[in-house]
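# Turn this into a model:
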Amino acid sequence: MRNKLLAGAMALALIGCSEKSAEDASISNSTNSESPALAEEAADAAATPRIGIETAPGVAFDYAYTFRLADDRISKVQEEHAAACETLGIQRCRIVDVRYQLTDEKLVEAQTQFKLDPGIARKFGANAIASVEKAEGVLADASVAGEDVGTEILASQQRSAGSEAEIARLEERLKAGGLEKRERAELLAQINQLRGEIGNERQARRSGEARIAWTSVAFNYASDGGLPGIGHENPFASAGETLMRSGSTALSFVLTLAAALLPWALILALIAAFWRSRFMVAVRRQMREKPDAVDPAAPPAG
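Coordinates of the predicted model:
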């Protein structure tokens with residue numbers, strides 16, 4: 001059961017780090033290596049409502065950020081984020097995937113995925129935003145998706161308890177004896193099936209517990225379309241967009257005008273064809289009455 005738990009509010013809460021909480025204290029050692037200016041930017045990132053993990057016990061969260069930067073700064077910022085994770089240590093932060101790609105349009109796209117201690121995931125994201133802003137980039141999108149894994153774990157435990165009780169009942173039936181060979185085989189098959197289901201439930205619970213214990217955080221890096229030496233505003237891209245908008249407007253006007261005039265043009269064409277046919281009929285009638293008259297529609301002689 002996957003729920004979008006206050007995605008909009010929590011996306012804003014990702015950058016709320018002004019309070020002095022126990023969470024901040026838990027990672028203070030890991031942030032000592034960052035510059036004072038960076039720490040101050042992270043603390044003042046935004047004064048938004050704080051929604052911590054204590055308000056949603058048993059929920060596994062997935063954080064996703066999208067940053068826009070100049071192409072030549074993406075790799076450096078990506079390395080900074082990876083280094084920040086390494087500083088925290090593998091007990092609290094692990095890098096699970098890193099990608100860097102130059103697209104066919106010569107734009108850079110990159111991604112880094114982390115597994116973090118849930119207690120520091122929000123602060124880690126806030127520090128990442130600060131480092132992006134320091135590199136003259138922007139946070140383009142942020143979202144938090146939550147899944148109520150704790151409830152599913154509890155339901156799994158109850159299903160396993162029911163299966164174990166059923167196994168105990170079937171084993172008592174086997175011990176009682178007096179069973180035919182076929183009936184005994186059926187009971188053994190049921191017991192094996194129930195044990196298999198218990199094993200599957202146990203594995204599912206372990207996966208759920210791992211999801212709660214580690215928060216998934218994804219940083220996506222996208223090109224801002226700027227040019228080196230010009231800045232974030234690309235004049236060529238702006239000119240191209242203006243040209244496309246102008247062409248689209250002109251095409252829309254032509255199509256609208258054609259749609260408005262086409263019915264009247266068809267009506268006029270039909271009227272002209274009707275009167276022409278009437279005229280030709282009248283001419284031919286006069287020719288029959290006057291044999292010496294020349295048919296205007298006939299080809300010239302010779």
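
# centre of the chain versus the lengthiest helix in the chain, how much separation?
Ranked by residue count under DSSP state H, the longest helix found in the chain is helix 235-289. How far helix 235-289 lies from its chain's middle: 46 Å, per C-alpha atoms, centre = their mean, to the nearest Å.

# Need the mean per-residue confidence for that helix.
The predicted model assigns helix 235-289 a mean pLDDT of 77.

# cool, stretch 194-206 as well?
92.

# Can you tell me what sits against that stretch?
Identification of contacts with stretch 194-206 by C-beta atoms under 8 Å, 6 or more residues apart in numbering yields 152, 153, 156, 157, 159, 160, 163, 164, 166, 167, 170. (C-beta placed from N, C-alpha, C; glycine too.)

# Can you say which of the residues you listed are buried?
Buried subset of those (neighbour count, 16 or more other C-beta atoms under 10 Å): 152, 153, 156, 160, 163, 167, 170.

# Looking at those residues, which are in helices?
Per DSSP H, the buried ones among the contacts of stretch 194-206 map to helices at 152, 153, 156, 160, 163, 167, 170.

# tell me which element the closest residue in space to the fifth one that isn't next to it in sequence is part of?
In other words, residue 163. Nearest residue to residue 163, sequence neighbours excluded (C-beta to C-beta, 6 or more residues apart in numbering): residue 194, at 4.6 Å. Using DSSP states H and E, residue 194 sits in helix 181-213.

# after that helix, next one along is what?
strand 215-223.

# Now do that next one, average pLDDT.
Strand 215-223 comes out with an average pLDDT of 94.

# Report the angle between the strand or helix carrying residue 61 and helix 181-213.
Following DSSP H and E, one finds residue 61 within strand 59-69. Between strand 59-69 and helix 181-213, the angle comes out at 50 degrees (axes from the mean of the first three to the mean of the last three C-alpha atoms, to 10 degrees).

# just how off-centre is strand 59-69 within its chain?
Centre to centre, stretch against its chain (C-alpha atoms, centre = their mean), the figure for strand 59-69 is 10 Å.

# now that strand against strand 215-223, angle please.
Inter-element angle recorded for strand 59-69 and strand 215-223: 20 degrees (by the same axes, to 10 degrees).

# Please compute how far the following helix or strand past strand 59-69 lies from its chain's middle.
Using DSSP H and E, the helix or strand that follows strand 59-69 towards the C-terminus is helix 71-88. Distance, stretch centre to chain centre, for helix 71-88: 22 Å (C-alpha atoms, centre = their mean).

# any idea of the mean pLDDT for helix 71-88?
Taken as a whole, helix 71-88 carries a mean pLDDT of 94.

# Which is the succeeding secondary structure element to that helix?
Following helix 71-88 toward the C-terminus (DSSP H and E): strand 93-102.
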